[in-house]
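Enquirer: Show me how the following folds:
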Amino acid sequence: MSDEYNEAALPEDLLDTFHEEEFEQPRGGKPQQSRADELPHPMYRLKTLHSSETFHAYYAGPEEGVHFLKGCDLEAALAGPRPTKAIEPAMNESCALCAAVEARERRSEPEDAARAVESAAKEHRFSIPCHAFVVAPTKYGRDLAEVLGMVRDLSVVNADELVLIERPATVDDYRRYLDNLEREKEAFQKCRVRIEAHRLPMKLVSAHCLLEDSKILFFFTAESRVDFRDLVKDLVGVFHARIELRQIGVRDEARVTGGCGVCGRILCCHGLSDKLNPVSIKMAKDQNLSLNSLKISGPCGRLLCCLSYEHQFYRDARRELPNEGARFAYDGTLFKVIEVNVLSNKIRIAGEDGRLLDMEAERLKYLDGRWTIIAEETT
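Expert: Next up is the predicted model:
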């Protein structure tokens, strides 16, 4: 923290209001994975409602008389009483169906899917249904979160980052969440006015009110570090609550706000995954894409996240294919590879005599340190 962020002269009630975080920069090395038998079971993946961030959690509370409701059920309950006992069996059937689909996709055997559902029911007699709302501690504070499902592969779970699900969300929690949404809109507008009044070089992204804490979080982007001490004091006087400002990157701005990608679908970072993997221009080159920045960049102005999703497939496929520029003799002429199409598994070669040929990549074999074309089999 630089000198302009010195907190020594600030009141004690403001000492925890200054915080900046750059989500795009990894913190420390890769976390060590824990053994599966050392982790509590079952394990769930949760998503925060305000930023689409995900984390792992487990539940160790009572099983009898506890009902976990989805957001639609909580919203319907606001209109009037609704029997929760009738909701739970339908949810459990939905979770069983999800397990069956996952097993069928993993094993491609319908009978194994039924066995997987039966064994999962025996192993976990009680499980939180998918898309249920729970109250759990996040890195921002206690908040409402959505259960995305049960974690099957425990090797991706880091025990140091696990949290305990405190309880299922109630109708009062959901009502408070809806009220906070209105407060966030008002807080966003007032904070933006204060930023303009202080002439600070920062862009406000979103505001968030925690479920059970009198604290308001403001997320912003900026090209450099910003001295927002006067702004925080101003906001404390306006809202009479603890204020926390967090600086995020442009990729995280897209993840928080959402939007539509060039493919016409919702942004991957917002709707599919919150893991912002590093993306390089080399990935675009390996996938033989146009290096036009307008075509390979997302709304955030950075390279498309989907480049990293597909990069490993292209790397594995290219190991069996020659590189562009490779030369070899064929039909009495020296040919050069000018194009490699990984998806169609074909290559285009140009001969010194002016011929252009397209052929299946299976015909090329790497023998004795060079590429050789195998003659086609005749029937």
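Enquirer: isn't there a strand covering Ser155?
Expert: No: going by DSSP: H, G, I helix; E, B strand; the rest coil, the assignment for Ser155 is helix, not a strand.
Enquirer: Count the neighbours of it for me.
Expert: Other residues near Ser155 come to 9 when the count uses other CB atoms under 10 Å. For glycine as for every other residue, the C-beta is placed from the backbone atoms N, C-alpha and C.
Enquirer: now do the one 3 residues further on
Expert: For Asn158, the number of neighbouring residues by other CB under 10 Å comes to 14.
Enquirer: Against His56, how distant is it?
Expert: Distance of Asn158 to His56, computed by CB to CB, to the nearest Å: 8 Å.
Enquirer: One more: Ile374?
Expert: Ile374 is 50 Å from His56, by CB to CB.
Enquirer: So which of the two has more stuff around it?
Expert: Set Ile374 next to His56 and count neighbours by other CB under 10 Å: His56 wins out with 18 against 10.
Enquirer: Hmm, Arg45 and the more buried one touching each other?
Expert: Yes: counting by CB atoms under 8 Å, Arg45 is a contact partner of His56 at 5.9 Å.
Enquirer: joint contacts of the two?
Expert: Between them, His56 and Arg45 share these contacting residues under CB atoms under 8 Å, 6 or more residues apart in numbering: Val151.
Enquirer: List the contacts of Phe220.
Expert: By CB under 8 Å, 6+ apart, Phe220 lies in contact with Met202, Lys203, Leu204, Val205, Val226, Leu245, Arg246, Gln247, Ile248.
Enquirer: and with 10 Å instead?
Expert: Taking CB atoms under 10 Å, 6 or more residues apart in numbering, we find Phe220 in contact with 20, 191-192, 195, 200, 202-207, 226, 228, 231, 245-248, 253.
Enquirer: so how far is whatever helix or strand it lives in from its chain's centroid?
Expert: Secondary structure assignment for Phe220, by DSSP states H and E: strand 215-221. Put simply, strand 215-221 sits 20 Å off its chain's centre (CA atoms, centre = their mean, to the nearest Å).
Enquirer: and if you look at stretch 281-292?
Expert: 23 Å.
Enquirer: May I see the buried residues of it?
Expert: For stretch 281-292, the neighbour count (16 or more other CB atoms under 10 Å) marks Met283, Ala284, Asp286, Gln287 as buried.
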